[in-house]
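Q: Just need the structure, nothing else, for what follows:
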Amino acid sequence: MPAEIILTTEVLSAPGDTILEDSLAIRRGSFPQKWQFDGEEDYYRQKNLDSSSIHVFLRYSGKRVGYLLGIPQNEAVTELKPDDPEMKEDLKMVYVEVAAVLSAFRGKGGFSLMMGSLREEALKRGMQRFSLHARINNGLSGVIRKKFKVICSKRIERWPYYNHEEPTDYIEASFDGGRAGSDGTRWPGRTVRLGCSRAGETQ
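A: Residues are numbered from 1 along each chain as shown. Below you'll find the model as predicted:
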């Protein structure tokens, strides 16, 4: 019988070379090569130096095998509004920019563990909600709907950051109501409305 895979998480906010090196390696090992972009290393180096970023790593046997990057919603709006003009600023929201798990460790609850750690850190910073552009083809959008209280969602048919090859669901959801972790907690998927063109809360 194969040994049980026990996954853990670590949350980092201080800059360090290993954050950049490991996060890039996981991202490149998880997504198609053509989804990489010019200046990628410099971009993520800046995220590494930004104290408002939340870096969550998934670990197995001392090795980092998954990575989640959370950034303030307002920062994401500035970066992504040309491609998603309905995104609104919200000081109480964290945007999940990267969520990646190496293929050998998928399907073992690693994403839930990372989201649980993100939730804990985000709540410490006064962020009660999160948003993301969730892939549909790999089932991530469905996972979010099953685990969290969805506030609003909308579909973009050809997302530029997937090289215009796949659709994405932009989702805003609440951390309230429990914890996404290894205890199997689930929340009923609840979409309040389609479309996310609300005025953002800024206090």
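
Q: so where's the protein uncertain?
A: Across the chain, residues meeting the criterion (pLDDT under 70) sit at 1-3, 14-17, 177-195, 197-203.

Q: And the strands in it?
A: Secondary structure of the chain by DSSP state E: the strands cover 7-12, 54-60, 63-72, 93-101, 129-135, 149-156, 168-174, 193-194.

Q: quick one: which of these is nearest L20?
A: Nearest to L20 among those is strand 54-60; the distance by Cβ to Cβ comes to 9.7 Å. Yep, even glycine has a C-beta here, placed from its N, CA and C like the rest.

Q: So which elements touch that closest one?
A: Other elements packing on strand 54-60 under the criterion 3 or more Cβ pairs under 8 Å, 6 or more residues apart in numbering; DSSP states H and E are strand 7-12, helix 17-30, strand 63-72, helix 110-124.

Q: Quick one: work out the angle between the third one and strand 93-101.
A: By that I understand strand 63-72. 160 degrees (axes from the mean of the first three to the mean of the last three Cα atoms, to 10 degrees).

Q: What strands flank strand 63-72, and is each parallel or antiparallel?
A: Note on strand 63-72: by DSSP bridges, its sheet partners are strand 54-60 (antiparallel), strand 93-101 (antiparallel).

Q: The first one too?
A: Applying DSSP bridges, strand 7-12 is found paired with strand 54-60 (antiparallel).

Q: Residues touching the strand it pairs with, excluding its own?
A: Residues lying outside strand 54-60 but in contact with it, judged by Cβ atoms under 8 Å, 6 or more residues apart in numbering, are 5-13, 19, 22-23, 48, 64-71, 94, 101, 105, 110, 113-114, 117-118, 121-122, 125.

Q: The helices and strands packed on strand 54-60 into CSV, with extra columns for distance to S153 and mean neighbour count?
A: Listed next are the helices and strands packed on strand 54-60 as CSV, based on distance: least, Cβ to Cβ, whole Å; neighbours: other Cβ atoms under 10 Å:
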stretch, distance to S153, mean neighbour count
strand 7-12, 26, 16
helix 17-30, 23, 16
strand 63-72, 19, 22
helix 110-124, 17, 21
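
Q: Out of these, flag the one nearest C196.
A: In terms of Cβ to Cβ, the element of the helices and strands packed on strand 54-60 nearest to C196 is strand 63-72, at 16.7 Å.

Q: what's the distance between D38 and H133?
A: Distance from D38 to H133, counting by Cβ to Cβ, to the nearest Å: 20 Å.

Q: Just confirm A122 contacts I71, I think it does.
A: No: contact status for A122 versus I71: not in contact, 10.9 Å apart, counting by Cβ atoms under 8 Å.
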